[in-house]
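*Asks:* 3D model of this:
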Amino acid sequence: MDNKKTTLLTRIKDSDIYFSFIKSPTAIISTLILIIIFFCSFFVELVTPYNPFDPSSLSLMDAFTPPSWTDEGLAKFILGTDGQGRDMLATILYGSRISLIVGFSAVIFALVLGVGLGLSAGYFGGKYEMLVMRFTDVQLTVPSILMALLVDGIARGIISRELHDEMAIYVLIFAIGISEWPQFARVSRAATLVEKNKDYVSASTIIGVSNIIIMFKHILPNIMRPVLVIGTIGLALAIIAEATLSFLGVGVPPTTPSLGTLIRLGNDFLFSGEWWITFFPAIFLVILAFSINLLGDWMRDTLNPKLN
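*Replies:* Predicted structure coming up:
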């Protein structure tokens, strides 16, 4: 077992990707920032003692407390508090957890749907390929935010308001995922068209290997590089889309606030002097999306075979 771990670590250290990573300060810094954000978001109980979802721990006397470095600030509230007396740092970390869960789930849903349709369309071709790609082209003409708003509006018309609040996160994941899958479909279809003409696919076909095994066991691993790059950049777009929808009031309900909901709630107090309520969630969202984009740019350059 130890030999296997040693061999795996040795292979990782000897790989071109690892060498490119340690030679890229941008990739290292963005990765460290993301690790810190992920740890603080999913283990927020270890970072801050405050729970913004526990009403018994809140006090309206602490409402609108400025950040700790201002004259009226308190040391126990580093980033200040909101209108309900909730610690802004704890609220942002809890909200980022919701945003990350929605973003990851939406990207995984879009990846599975898009890669499945793109892979099958590129492999089988014919009228099926034409149908899938024309449908993809049509959906690409509609902005993703408008598509997500349309899906959310249809969901609100079908299910009751009480049930919609309970299923808001799932509706949001589906709305964002269904608007992002065409990117994965086009990339995977283009890569499949290249791979299916190679010798290993022809050899598998000659010896009688089924199409399903050829697609998912042989072709799929060889087209994952561009798909992973699109997925990384798509994660930042999904998080921003979630924040936009929540800011517009069609995302997650205020009882389970995400970063977009926090920005929307803080926007009501922006011109009354309580600038920190909307400023810090917005800055946190920018840092999160920017770090993911920088990591995605590094992956695009590293995993591009034409640049290696």
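*Asks:* measure the closest residue to Ile101 other than its chain neighbours to Met299 for me?
*Replies:* Spatial nearest neighbour of Ile101, chain neighbours left out: Ile169 (7.5 Å); criterion: C-beta to C-beta, 6 or more residues apart in numbering. Using the backbone N, CA and C atoms, a C-beta is placed for each residue, glycine as well. Ile169 is 28 Å from Met299, where distance means C-beta to C-beta, to the nearest Å.
*Asks:* Identify the residues contacting the residue nearest to Ile101.
*Replies:* Ile98, Ile101, Val102, Val252, Thr256 (C-beta atoms under 8 Å, 6 or more residues apart in numbering).
*Asks:* Can you tell me the SS state at Phe280?
*Replies:* helix (DSSP: H, G, I helix; E, B strand; the rest coil).
*Asks:* Verify the contact between it and Ile92 for me.
*Replies:* Yes: contact status for Phe280 versus Ile92: in contact at 6.1 Å, counting by C-beta atoms under 8 Å.
*Asks:* Just want to know which of these two has more residues nearby.
*Replies:* Neighbour count, other C-beta atoms under 10 Å: between Phe280 and Ile92, Ile92 has more, with 24 against 21.
*Asks:* what mean pLDDT does the helix of greatest length in the chain have?
*Replies:* If you go by DSSP state H, the chain has its longest helix at helix 88-124. For helix 88-124, the mean pLDDT works out to 92.
*Asks:* List the buried residues in stretch 210-219.
*Replies:* By neighbour count on 16 or more other C-beta atoms under 10 Å, the buried set for stretch 210-219 is Ile214, Met215, His218, Ile219.
*Asks:* Adding pLDDT as columns, could you present those residues in TSV?
*Replies:* Below are the buried residues of stretch 210-219 laid out as TSV (pLDDT from 0 to 100):
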residue	pLDDT
Ile214	89
Met215	90
His218	89
Ile219	90
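*Asks:* Can I get stretch 153-161 as CSV, trimmed to CA atoms?
*Replies:* C-alpha atoms of stretch 153-161 as CSV (Å, rounded to 0.1, in the frame of the first residue of the first chain):
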residue,chain,number,x,y,z
GLY,A,153,-40.7,31.4,-13.5
ILE,A,154,-42.1,28.1,-14.9
ALA,A,155,-41.3,26.4,-11.6
ARG,A,156,-43.1,29.1,-9.6
GLY,A,157,-46.2,28.7,-11.8
ILE,A,158,-46.2,24.9,-11.4
ILE,A,159,-45.5,24.4,-7.7
SER,A,160,-47.0,26.3,-4.7
ARG,A,161,-45.1,29.1,-3.0
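*Asks:* Going along the chain, name the strands of this protein.
*Replies:* Along the chain, no segments are classed as strands by DSSP state E.
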